[in-house]
Structures are given as structure tokens and as C-alpha cells.
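Following is a predicted model, sequence given first.
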Amino acid sequence: MNILLLGSGGREHALAWKMSQSKLCSQLFIAPGNAGTEACGTNVHIAVTDFDALGKFCISNNVDMLVVGPEEPLVKGIYDFFKASDALKHIAVIGPSRQGAQLEGSKAFAKAFMQRHNIPTAAYREFDTDNYEEGIAYLHAHSIPIVLKADGLAAGKGVIICQNHVEAVAEFELMIQQSKFGDASKKVVVEDFLSGIELSVFVLTDGKSYVVLPEAKDYKRIGEGDKGLNTGGMGAVSPVAFADDVFMKKVIDRVVEPTIQGLKKEKIVYTGFIFIGLIKVGDDPYVIEYNCRMGDPETEVVIPRLKNDLVALFNATATRQLDTVRLETDPRKAVTVMAVSGGYPGEYEKGNKIEGLDLLDEDDVLIFHAGTKREEEAIVTSGGRVLTVTSFAENIKRASEKSKSVLQIIEFDGMYYRPDIGYEFYES
Ligand code: AMP
Ligand code: GLY
């Protein structure tokens, strides 16, 4: 079959790498892709939100399946766009409907959904201009820290953890009155702070049944020891030692099952990934957020650990046969370490030449491109997160060391990576 994959990050390179290994995949197109996805298929210069152009491309290239990497086209309704067109509706779409994508697109929607289905999450209230004064009073009475979340998509920046009431009121004002995150912060969710260790759980559902992919943990802060600004993700590990059978049974029973049943009961069309961001408080899982897609860089450790044919898995999703699938996982540990541009997540340069990519010949190591592009013969940086190195080993420490040794061969001006990805699990 012919497949079109949307996106241009490390996540999409990992998905493209895996799909291109499938016998079921005849032609793979990636829109817009990066310098790494070129090795897996054909990059197509169409933006992920240009639905008309994507639709036309699918028709003229006999595309049978659309796999959506990032959230934006999903939240904007690409699933519904394809299903509403007579010329496109036969194309399998791996990704939820616009309504399903609200689990990520609106924090208030997600919180209300969790409440309706008794899914454990932090207590919360939602505020906008209509109940703004009530919100200020609520903040003053709230214990510290206070978590403020812009309701809509804010490119991973919309969550602010405030350590005192003055800061909380100031941020609240900026978000609602000054549109700090544009329309995304017209509405704000205020929630209790939860203290614990985080875990990312990935579910692939056909709307009827589901499979749970290997779990992962990502490292969001820019600096060593989880210090400094939040980023899109500086690295990830899989598996995660504390996600043992007992904990994962709680996750399935208390979170995954009620989520799938809730979608079904509310007739929300969902054929795709659900990324559940969890926090372990004591011994219990609480949901911090839902995303309607895979994580980045979690995908770069989760997908390489998956032994199944990914296209077959997507086919089973599209035909609602996931109940017949058994997942097989590589038991080795995987660590990915992201190389970023100097200055990221603030200002950074683009267009710096990346050297050393052709010198690599290591077993058990995969390089996934993120912000890279080809300029004639050279590959240059084109984003904050540039590329990530995934390694396999018998333990997390060894895998992390392997990734770092590969990153010592790769060079570009201003390159930085965290040397401590997986540090809490070095002993496991
Ligand atoms: P999100 O954008 O929803 O992924 O949130 C970003 C980060 O904020 C999460 O990964 C957590 O580290 C943190 N966070 C979000 N909500 C809470 C909460 N209720 N309690 C503690 N930390 C939180
Ligand atoms: N790594 C977190 C995310 O993809 O949202």
C-alpha cells in the first residue's frame, strides 16, 4: 500500500524508518519530512495543515493510508476532512477525529472527560473572562504550588507551575487578559500540583479494542539534573523500571480501560494513538495530560523496541481488528539522547552544517533526524532539536553511554546534549 506520513520531527523519522521495513509498504511519502526521512521514502513539500493540497496529493498518488504524526492537523480536523470527502474517505487515517483530538486540544475538555469517567487526575477548576474574579479568589485560597494551564495548544509552553500567589495571579492575568498564548489561554485550567515521577504510556486504539505499546520516560528540562527551562524533550528511556506489572495493571484498570470505554460511550471516533502523561503519586497513577499522538522523543525509543510490523498494526487499527494483535517487544533497554542547537529552547542559529553522520557504523545504534535539512550535498540544522541518537543495551546506563559516544563523533556549531538521560535508572 501507499502511505503518507505527516510531520518532520524525530518522531516521524522513527515512524518512517519502521514503516519502510514493512512488506506491506509499497511507497512511503513524508510531508514535509526532514533530511533523515529521505532515506525511508519520498519527502513531499506540503504543510501538515494544508488539507486541500494533502487531499489532492493522496488522490494523484493513490495513497491508501494517512498516518498523522503531530497534533496540529488532528486538532484542526484532518480526520473529519478526509472522511467528509467522497474522493478521500476510503483512505485509512491513523489519528483521531477532531472531537477525539480535543483530549489534547482542550485541557478543559480532557479534565471534564476524566471527571465523567472517574479517571484519576488532579482536582481543578476552569476560568475565563466570565468568571475571572472568581478565579483570582480561587488562586488566593489555593495551596502552593499552583498549576496553570492554557486550555488550547501552546506548543508545549502552556503549563506554568507557580511557586507563590503573586506569580500565580500575574500569570493568570497575562494568560486570560493579555492573551499570553493567544486564543489558547482565553480559558485557563487551574489544578492542584501533584508530586511524583512521570511516565508516558502509549495506547493504539481502533475505537473498539486497543494495544499498549512499551512505556517510556522523557526528560523535558534543558539542563543536567532536570534543571532549567522546559523543552520539547531532551531524551527518553524505555522501559521504565518502576512501571512494573503491578503498577501497569493499575494504569490499565484505572486509566486506559475507562478512557477507551469513555470514548466508546460518548461515540467519539478514535482510531490512533493516545499518549497518556502520568505521574506516580505514592503507588498510584494520575493523569497529567492526554495527547492525541505519539510523544517526541519517546517514539524514538518506543518504536525501535516494537518487533511487530508497524504497517500491519496500522492496518489492524483501520479495520478494527486490534483485538487479534499481540505485541512483541525487544527486551533490551533503549535510550535516546537529543542533540540540540545552542541557545535552545530560546533563540538559536539555523543552517549549521552537521558533520560526522557518515562516520557512524555502530551496531544497536539508530540516528533519527529532527530539525535537519539537506542543502545540496550537506545536511544542516533547521530547528532547535536537531537529531537524536537511540542505543540499545542490556541496561540503561550502557545504552546511554553508547548514545553519548556516538554524539562525540557528530558535530555542528553550538551542539548541546544532556549527558544524564536516564540517570535515575542507572542502577536498574
Ligand atoms: P503538559 O504540557 O501538560 O505536558 O505539562 C508539562 C509538564 O508540567 C508536565 O510534564 C509536568 O512535569 C508538569 N505538570 C503538569 N501538570 C502538573 C500537575 N498537576 N502537577 C505537577 N506537575 C504538573
Ligand atoms: N515528549 C513530550 C511530548 O511529545 O509531548
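Nice, I can see it. Residues are numbered from 1 along each chain as shown. Ligands and ions are numbered 1, 2, ... in the order given.

interface residues of the stretch 1-150 of the chain facing ligand 1?
When proximity is defined as C-beta under 6 Å from any ligand atom, the stretch 1-150 of the chain approaches ligand 1 at 122, 147. Using the backbone N, CA and C atoms, a C-beta is placed for each residue, glycine as well.

For the stretch 1-150 of the chain, just list every one of the helices.
10-19, 51-60, 71-75, 78-83, 98-105, 107-116, 132-141 (DSSP state H, counting those that start in this stretch).

Mind checking which residue lies nearest the centre of the chain?
residue 295 (1.9 Å; C-alpha atoms, centre = their mean).

That residue in helix, strand or coil?
Under DSSP: H, G, I helix; E, B strand; the rest coil, residue 295 falls in the coil class.

show me what contacts it?
With contact set as C-beta atoms under 8 Å, 6 or more residues apart in numbering, residue 295 has these partners: 11, 200, 202, 216, 218, 233, 236, 275, 302.

mind checking how far it is from residue 238?
11 Å (C-beta to C-beta, to the nearest Å).

Please identify every residue contacting each of the two.
Going by C-beta under 8 Å, 6+ apart, residues that sit against residue 295 and also against residue 238 are 216, 302.

Distance of the residue of the stretch 301-428 of the chain found nearest ligand 1 relative to residue 276?
Proximity of the stretch 301-428 of the chain to ligand 1 (C-beta to the nearest ligand atom) peaks at residue 345, 13.0 Å away. Separation of residue 345 from residue 276 (C-beta to C-beta) stands at 24 Å.

of these two, who's got more company?
More neighbours surround residue 276 than the other of residue 345 and residue 276, with 23 against 20 (other C-beta atoms under 10 Å).

Which pLDDT value goes with that one?
pLDDT, residue 276: 98.

436 is where my numbering starts, stick with that
That works, and once the first residue is 436, the last one we named lands at residue 711.

Dihedrals phi and psi, it?
When read as degrees, to the nearest 10, the backbone of residue 711 gives phi -110, psi 110.

Mind telling me what element the closest residue to it other than its chain neighbours is part of?
Counting by C-beta to C-beta, 6 or more residues apart in numbering, residue 711 lies nearest to residue 636, which is 4.5 Å off, once chain neighbours are set aside. In this structure, residue 636 is located in strand 632-640 according to DSSP states H and E.

Show me what that strand is packed up against.
strand 645-647, strand 652-653, helix 692-700, strand 707-716, helix 745-753 (3 or more C-beta pairs under 8 Å, 6 or more residues apart in numbering; DSSP states H and E).

The first one: how far from the chain's middle?
If I follow you right, that is strand 645-647. From the chain centre to the centre of strand 645-647 is a distance of 17 Å (C-alpha atoms, centre = their mean, to the nearest Å).

With the fourth one instead?
In terms of C-alpha atoms, centre = their mean, the gap separating the centre of strand 707-716 from the centre of its chain is 10 Å.

So which bits of the stretch 736-863 of the chain are right by ligand 2?
For the stretch 736-863 of the chain, no residue is in contact with ligand 2 (C-beta under 6 Å from any ligand atom).

which residues of the stretch 736-863 of the chain fall in strands?
768-775, 800-804, 807-810, 813-816, 820-828 (DSSP state E, counting those that start in this stretch).

Make a markdown table out of these and add distance to residue 539, mean pLDDT and mean neighbour count.
A markdown table is the format used below for the strands of the stretch 736-863 of the chain (distance: least, C-beta to C-beta, whole Å; pLDDT from 0 to 100; neighbours: other C-beta atoms under 10 Å):
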| stretch | distance to residue 539 | mean pLDDT | mean neighbour count |
| --- | --- | --- | --- |
| strand 768-775 | 22 | 98 | 28 |
| strand 800-804 | 22 | 95 | 24 |
| strand 807-810 | 26 | 96 | 18 |
| strand 813-816 | 28 | 97 | 20 |
| strand 820-828 | 19 | 97 | 26 |
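
got a markdown table for these, with distance to residue 488 too?
Below are the strands of the stretch 736-863 of the chain laid out as a markdown table (distance: least, C-beta to C-beta, whole Å):
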| stretch | distance to residue 488 |
| --- | --- |
| strand 768-775 | 30 |
| strand 800-804 | 23 |
| strand 807-810 | 20 |
| strand 813-816 | 26 |
| strand 820-828 | 26 |
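
Kindly report the residues of the stretch 586-735 of the chain close to ligand 1.
591, 594, 596, 626, 628, 629, 633, 655, 712, 723, 724.

Show me which of those residues are buried.
594, 626, 629, 655, 712, 723, 724 (16 or more other C-beta atoms under 10 Å).

quick one: which two of the residues you listed are the most distant?
626 and 655 (17.8 Å; C-beta to C-beta).

chain center to stretch 465-483: distance?
19 Å.

Only the buried residues of it, if you could.
Neighbour counts using 16+ other C-beta under 10 Å place 465-473, 475-476, 478-479, 481, 483 of stretch 465-483 among the buried residues.

what's next to that stretch, contact-wise?
Counting by C-beta under 8 Å, 6+ apart, 439-444, 447-448, 451-452, 454-455, 462-464, 488-489, 492, 503-505, 507-508, 802-809, 814, 817, 822 sit against stretch 465-483.

Kindly recompute the last result at 7 Å.
If you take C-beta atoms under 7 Å, 6 or more residues apart in numbering as the criterion, stretch 465-483 is touched by 439-443, 447-448, 451-452, 455, 463-464, 488-489, 492, 505, 507-508, 803-805, 807-809, 814.

And the buried residues of stretch 465-483, which is closest to residue 745?
residue 475 (11.7 Å).

Would you list the phi and psi of that closest one?
Torsion angles, degrees, to the nearest 10, at residue 475: phi -110, psi -20.
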